[in-house]
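K.L.:
Provided below are the primary sequence and the corresponding predicted coordinates.
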Amino acid sequence: MASVRISSFFLSVVFGISFLAGCGAVFVNEGSKNASLALGLPNPNANQKKVIVPKEACVIGNFDDGSKNVNSKLFNGGGGQWLAITEGGNTVDSDFVVDGGANNSPKAARVFGKLTDKGDKVYPSFQLQGKLKDSGYYDASAFTGIKFYYKCPATDAALKRRFAIGTAPTLPTSGGGACASDCYNNFGADLALTPDWTQKVYAFADLKRESGWGSPVTPPDLTDHLKEFIDLEWANSANNAAGTYNIDYWVDEVEFF
């Protein structure tokens, strides 16, 4: 008689589990990030209201007014600036806002000149940098990606062309970040020669760090660090190959989306 009761109890348990599974029940360990689901509570991250950002507040810079300031109306922004910088004893023209923008707009950024790389592991580049705020981190969590117009004629002899986003875990304290060593491996994408204005569109999830170097970032994806943006960077270089190289590239109509 006892064995019949035990069997009946076992069948009831199995039936109950099957019934719950059929209803989409979720079984998780207590204390996990999904524990609220097991208790029948709503996911605290579900149905969060997406911030609606006006179009003019998505614009980072289009250079049309000739200014080197980041758009004063940029959502969450304040006091950011555009810079043309280099290193390794090179110089770059600071008057990089020039006539002839994308889509027949008045102006754009153009970074050009002769870059010398001594092959001494300094890795000099000609870089256009957009610092998103005058200080602190920029919160880009209202957006899902970035887009811009880019052109780079065949006269550009760079061996490496890259767009990247500098963040707290990838930039050193001298650059406003928190990286302690082996820094500057930012999240980004390589660029190619393109003689005509071409729009580049990148979801944040698609921007990756280069493999084989750089201090580890935890968590590892850019989407985990959207509130820790520092700057935008376009850099053309010889990638440590000794020689002198002609550099010439243009950037315009930079926006978040």
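P.N.:
Great, that's in hand. Numbers count the residues shown, from 1 in each chain.

K.L.:
shaky segments in the chain?
P.N.:
Scanning the chain for pLDDT under 70 picks out 1-50.

K.L.:
Helices of that one, start to end?
P.N.:
2-22, 35-38 (DSSP state H).

K.L.:
Could I get the buried residue list for stretch 208-222?
P.N.:
By neighbour count on 16 or more other C-beta atoms under 10 Å, the buried set for stretch 208-222 is 209, 214, 217, 222. For every residue, glycine as well, the C-beta is placed using N, CA and C.

K.L.:
Can you give the contact residues for it?
P.N.:
165, 167, 169-170, 179-189, 204-205, 207, 225 (C-beta atoms under 8 Å, 6 or more residues apart in numbering).

K.L.:
what do you get for stretch 240-248?
P.N.:
Here stretch 240-248 has contacts from 110-123, 126, 152-153, 155-159, 236, 238, using C-beta under 8 Å, 6+ apart.

K.L.:
Any of the residues you listed buried? List them.
P.N.:
Buried among these (16+ other C-beta under 10 Å): 110-112, 115, 117, 123, 126, 152, 156, 158, 236, 238.

K.L.:
re the thing from before, widest-spaced pair of the buried residues of stretch 208-222?
P.N.:
The largest separation in the buried residues of stretch 208-222, counting by C-beta to C-beta, is between 214 and 222 at 13.4 Å.

K.L.:
quick one: the residue nearest to residue 102 when sequence neighbours are not counted and residue 178, what's the gap?
P.N.:
Ranked by C-beta to C-beta, 6 or more residues apart in numbering and with sequence neighbours excluded, the top spatial neighbour of residue 102 is residue 149, at 3.6 Å. Look at residue 149 and residue 178: by C-beta to C-beta, to the nearest Å, they are 32 Å apart.

K.L.:
more neighbours, those two?
P.N.:
residue 149 (21 against 14; other C-beta atoms under 10 Å).
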